[in-house]
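Peer 1: Turn this into a structure:
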Amino acid sequence: MMKRSILKFLGLMAVMAVAACDVTQTTEVVAPQADVLVTDYRWTPVLSSSATTTTTVVQVVGRSGGTITNGANSLIVPAYAVLEDTEFRFTMVGDGTIHASLTARSVASGVEVTAFPRPVMLRMSYAGAMVSNPSALSIAWLVDGTVDGAQVKQTSWVTTYNKSVNAYLYHFSDYAMGLE
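Peer 2: Numbers count the residues shown, from 1 in each chain. The predicted structure follows:
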């Protein structure tokens with residue numbers, strides 16, 4: 001009787017071992033999706049009478065980070081977002097909207113830097129705009145560089161005390177503020 005119990009136990013263990021071999025266990029790493037391409041995104045660029053002149057600020061930022069200010073708008077580069085001295089060009093486009101064009105180049109090699117290991121933060125001011133509902137504001141990546149083309153909404157948040165909309169950026173291109 002004890003022999004049969006042991007055999008049943010061993011048989012059960014063998015079945016479990018075989019079943020365990022048939023199970024394929026995988027771990028899928030899914031990166032967080034901050035940007036979602038929306039082709040029918042109902043977004044209206046924010047118009048501003050103070051955004052009619054193009055202004056550009058060029059500043060070198062190293063691995064310790066820094067802040068670049070263009071009027072009431074700023075680009076905050078955290079420590080280690082770049083690993084060497086990098087020339088940032090922060091242009092507020094004077095097209096009547098709140099529109100920023102951002103580029104960066106390595107000072108040493110002149111190679112364009114388009115992506116960052118740590119996100120930079122774009123802070124765009126809506127102080128000069130006629131906005132009745134600031135909570136509906138967001139920042140969008142302008143896929144083709146124009147406010148009339150395709151946009152990719154960025155995860156954004158509004159700070160009402162300084163009248164700004166903020167977004168973390170992992171790559172450089174053109175961005176604009178809009179109303180949803």
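
Peer 1: contacts and neighbour counts: CA atoms only from here.
Peer 2: OK.

Peer 1: low-scoring stretches of this structure, by residue?
Peer 2: Within the chain, the segments meeting pLDDT under 70 span 1-42.

Peer 1: following the longest strand belonging to it, which helix or strand comes up?
Peer 2: Secondary structure of the chain per DSSP state E: the longest strand is strand 115-125. Once the chain leaves strand 115-125, the next helix or strand it forms, by DSSP states H and E, is strand 137-142.

Peer 1: Just checking: what are the partner strands of that next one?
Peer 2: With DSSP bridges as the test, strand 137-142 is paired with strand 151-153 (antiparallel), strand 174-179 (antiparallel).

Peer 1: Rebuild those as a markdown table, extending it with mean neighbour count.
Peer 2: Output for the strands paired with strand 137-142, formatted as a markdown table (neighbours: other Cα atoms under 10 Å):
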| stretch | mean neighbour count |
| --- | --- |
| strand 151-153 | 23 |
| strand 174-179 | 24 |
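
Peer 1: got a list of what V107 touches?
Peer 2: Applying Cα atoms under 8 Å, 6 or more residues apart in numbering, one finds that V107 lies in contact with V60, E84, D85, T86, E87.

Peer 1: how about 10 Å then?
Peer 2: Shown in contact with V107 (Cα atoms under 10 Å, 6 or more residues apart in numbering): V60, V61, G62, E84, D85, T86, E87, F88.

Peer 1: go on, L47?
Peer 2: For L47, the contact set (Cα under 10 Å, 6+ apart) comprises D95, G96, T97, I98, H99, Y126, G128, A129, M130, V131, M177, G178.
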